[in-house]
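Colleague: sequence-free structure coming up:
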């Protein structure tokens, strides 16, 4: 089972940038599809961006053109580069790892990192 630890959150002004990192351990990182999700207070957790084992990416419409997901298999890490941040991007950001095994899709979550966009 993979363990995930996020870092890189913080307070940033509107229009600013942050890069989130998610370090994985405990399993073969290359086998996992990875994703970033976020959850604002009182709202459901939504997918922000995802990247497959083959580096195909997918983004929520609200972040297309501003956020970039990438992975470094040598470092067992997935990143989320966030540019042109808006107040509505404020949320706890969670890293997710997913893998099929025996016909079942398993997922693991990190503990989350807070991102606050405010002047």
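Modeller: Noted; the coordinates are in hand. It should be emphasised that the depicted structure is a prediction, and the values quoted were computed from it without experimental measurement. Numbers count the residues shown, from 1 in each chain.
Colleague: Spatially central residue for the protein, please.
Modeller: residue 36 (2.3 Å; CA atoms, centre = their mean).
Colleague: my guess is it contacts residue 69, does it?
Modeller: Yes: counting by CB atoms under 8 Å, residue 69 is a contact partner of residue 36 at 6.3 Å. The way it works is simple: take the backbone N, C-alpha and C, and place the C-beta from them, glycine included.
Colleague: any common contacting residues for these two?
Modeller: Here residue 36 and residue 69 have 49, 50, 78, 80 as joint contacts, going by CB atoms under 8 Å, 6 or more residues apart in numbering.
Colleague: how about the strands of this protein, start to end?
Modeller: Under the criterion DSSP state E, strands of the chain are mapped to 3-7, 10-12, 18-25, 33-39, 46-51, 57-59, 67-72, 77-82, 91-101, 104-109, 113-117.
Colleague: which non-adjacent residue is nearest residue 83?
Modeller: residue 17 (4.7 Å; CB to CB, 6 or more residues apart in numbering).
Colleague: swap that for residue 55, sorry
Modeller: That would be residue 71: by CB to CB, 6+ apart, it lies 7.0 Å from residue 55.
Colleague: Can you name the residues bridging to the one you found?
Modeller: Here residue 71 sits in beta bridges with residue 78, as judged by DSSP bridges.
Colleague: what sits against it?
Modeller: Residue 71 neighbours (CB under 8 Å, 6+ apart): 29, 34, 51, 55, 77, 78, 79.
Colleague: which of the residues you listed count as buried?
Modeller: Neighbour counting by 16 or more other CB atoms under 10 Å classes 29, 34, 51, 77, 78, 79 among these as buried.
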